[in-house]
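# kindly generate the corresponding structure for this input.
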Amino acid sequence: MSTPDPTTRDRILETARRLFHEQGFHATGISTILREADVHSGSLYHFFPSKDALLIGVLELYIQLLRPAVMDHAEQAATDPIERVFALLNLYRSGLEHLDFKMGCPIGNLALEVADDQPEARRLIDQNFRNWAAVVRSWLDEASDRFSPEADREQIALFVLTVMEGAMMQARAARSLVPFDASVTQLRAYFDALSFAARTNAHAHTPPASHTPEI
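Numbering: from 1, shown residues only. Alright, predicted model coming up:
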C-alpha cells in the first residue's frame, strides 16, 4: 500500500486549521475536512488517528506560524518597539473588519471551546498564548528605558494579550470596532503614563549639575 505524500499532511492540517476557525472544533466533522482537503479517510488517519490528534496538530501548527503569520508583520510595520505593540493590535483590528467581525482569534476561540476537557490541547493553547506574550515582552525589553525599574514588563505583555482578546470578543459581540478602539485607546494611555512615570523617576534621581563659584 502506498504511503500518503507528506504534502497531504500539510493540506489536511491547513484545511482543519481553517475549518476549526470558521466553524469551531466540535462543529467541524471529519467528512467536511476530507471533502475540503480532497483526501480519503485513509490518508487522514495515516497522519492523525483521531480528530483530537488533528486538533493537536493544528495547535502545533499555530505555534510554528506565530512569527511568520503574525509577529513578523507587526515588526515590519513599525521599527519602534512600543509602536510594534499597536501595529500588532491593528493587524487584529484589520482582520475583524475584513472578516465582518466573524471568527475572531483562533487560539482564543479554541481556549473557550476545548481547554476544559482536553489537557494536551490546553497545554498547547497556553503555549501559544505564552509565546505571543513573550514576543511582546521582547519588544518591551527593547524599550526598557521608557519604563521605570519597578515596571514588570512580563506582566505588561500579558496585559496586552488580555486587551487584545477582550477587545476582539467585545467587537465581535457588538459587530463594531468601537469597543476594540476604546480598549486600544486606553492601552495607549496606559503606556503613555508608564513612560511619563519613567521620565519623572529619572528626573528625580538625576543629581544636580555641579556649580563652581566664580572667583
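# not counting sequence-adjacent ones, nearest residue to the residue nearest in space to the middle of the chain?
By CA atoms, centre = their mean, the chain has its centre lying nearest to residue 132, at 5.0 Å. Nearest non-adjacent residue to residue 132, counting by CB to CB, 6 or more residues apart in numbering: residue 161, 6.0 Å away. All C-beta atoms are positioned from the backbone trio N, CA, C, and that covers glycine.
# next one: residue 191
Of all residues not flanking residue 191 in the chain, residue 82 sits nearest, at 6.2 Å (CB to CB, 6+ apart).
# verify the contact between that neighbour and residue 192 for me.
No. Look at residue 82 against residue 192 with CB atoms under 8 Å: they stay out of range, at 9.8 Å.
# the two: who's more crowded?
For residue 82 versus residue 192, neighbours defined as other CB atoms under 10 Å are more numerous around residue 82 (19 against 12).
# which strands and helices sit next to the helix or strand where the more buried one lies?
For residue 82, the element it lies in under DSSP states H and E is helix 81-98. Applying 3 or more CB pairs under 8 Å, 6 or more residues apart in numbering; DSSP states H and E, we find helix 81-98 packed against helix 72-77, helix 119-142, helix 153-174, helix 178-204.
# could you give the angle of the last one to helix 153-174?
With axes from the mean of the first three to the mean of the last three CA atoms, to 10 degrees applied, the angle from helix 178-204 to helix 153-174 works out at 160 degrees.
# now helix 178-204: buried residues?
The neighbour-count check on helix 178-204 (16 or more other CB atoms under 10 Å) flags 179, 180, 183, 184, 187, 191, 194, 195, 198 as buried.
# what does stretch 13-30 give?
By 16+ other CB under 10 Å, the buried positions in stretch 13-30 come out as 13, 15, 16, 17, 18, 19, 20, 21, 25, 28.
# which one of these is nearest residue 52?
Using CB to CB, residue 25 comes nearest to residue 52 of the buried residues of stretch 13-30, at 9.3 Å.
# what's near enough to touch the closest one?
Shown in contact with residue 25 (CB atoms under 8 Å, 6 or more residues apart in numbering): 55, 110, 113, 114.
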